[in-house]
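> quick one, what's the 3D model for this:
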Amino acid sequence: MLDLDAVIYPCPKSGPRYREEVKRRGGKYQFPYLVDPNTGKAMYESDDIVRYVYEAYGDGRVPLSLSLGAITLAGAALAGAVRGGRGVSYRDSKPPAQPLELWSFESSPFSRLAREALCELEIPHTLHNVAKGSAGRAAFVERSGKMMVPYLVDPNTGIEMFESADIVAYLNDTYAA
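Okay, here's the model as predicted:
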């Protein structure tokens, strides 16, 4: 909603790469964990993170859909349950030398499939949000040739692709152990 890019270091259950860094920085295994490189601020708790991001990068007002506490959490949990918990647990993988890039928007069910695969394989990536009204949408269309998500770029192999099924297959073929 705020049109922010984010560098994601997925921390699926049993993931060997980034969970220890979260514990080292924050003192516990709790997720999500936000580190804002612009301010040095680091924090746990979804509601606190959302409030902080809207105060730091928005107008300070959290949209109703994100400010309902337990109701917002229940909605997110339901979305994950429908997918059978995909994206939650680690699958053995080899890390890329450089983070990948994913163009997406939160409400796209096809983008969710790509984000789940990236998380399960613990692949770091920059998430570019290009929802309706996004200032970054025109640059994305110029780069990719059309407005369609998800769109994955792997700087390690030079691959650029659309289509969630193709992205998931590519990630599995290239990074799953």
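
> what's the following helix or strand after the helix or strand bottoming out on mean pLDDT in the chain?
Between all helices and strands in the chain, the lowest mean by mean pLDDT, DSSP states H and E belongs to helix 70-82, at a mean of 61. The first helix or strand that comes after helix 70-82 along the chain, using DSSP states H and E, is strand 100-104.

> who touches that following strand?
111, 114-115, 118, 123-130, 140, 144, 149-156 (CB atoms under 8 Å, 6 or more residues apart in numbering). Yep, even glycine has a C-beta here, placed from its N, CA and C like the rest.

> can you tell me which of the residues you listed are in helices?
Among the contacts of strand 100-104, the members falling in helices (DSSP state H) are 111, 114-115, 118, 140, 144.

> what's the local residue count around residue 125?
Neighbour count of residue 125, defined by other CB atoms under 10 Å: 24.

> I'd guessed it sits against residue 117; true?
No. Using CB atoms under 8 Å, residue 125 is not in contact with residue 117, being 10.5 Å away.

> how's this protein carved up into domains?
12-82, 100-175 (automatic domain parsing).

> so which of these is the most packed in?
Comparing the domains of the chain by mean neighbour count (mean count of other CB atoms under 10 Å), domain 100-175 comes out on top with a mean of 17.

> and that domain, how far apart are its ends?
Taking CA to CA, to the nearest Å, domain 100-175 runs 12 Å from one end to the other.

> could you give the mean pLDDT of that domain?
Domain 100-175 carries an average pLDDT of 96.

> quick one: it to chain centroid distance?
Between the centre of domain 100-175 and the centre of its chain there are 10 Å (CA atoms, centre = their mean, to the nearest Å).

> cool, stretch 23-31 as well?
The mean C-alpha position of stretch 23-31 is separated from the chain mean by 19 Å, CA atoms, centre = their mean.

> got a list of contacts for that stretch?
Contacts of stretch 23-31 (CB under 8 Å, 6+ apart): 11, 19, 22, 33, 35, 42, 44.

> the domains of the chain: which one's closest to residue 91?
domain 100-175 (4.7 Å; CB to CB).

> in the protein, which spans are strands?
6-8, 33-35, 42-44, 100-104, 125-129, 151-154, 159-162 (DSSP state E).

> direction included, what does the fourth one pair up with?
When pairing is defined by DSSP bridges, strand 100-104 lines up against strand 125-129 (parallel), strand 151-154 (antiparallel).

> okay, those in CSV with distance to residue 3 next?
Below are the strands paired with strand 100-104 laid out as CSV (distance: least, CB to CB, whole Å):
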stretch, distance to residue 3
strand 125-129, 6
strand 151-154, 16
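
> ok, residue 106 touching residue 130?
No. Checked against CB under 8 Å, the pair residue 106 and residue 130 is beyond contact range at 10.7 Å.
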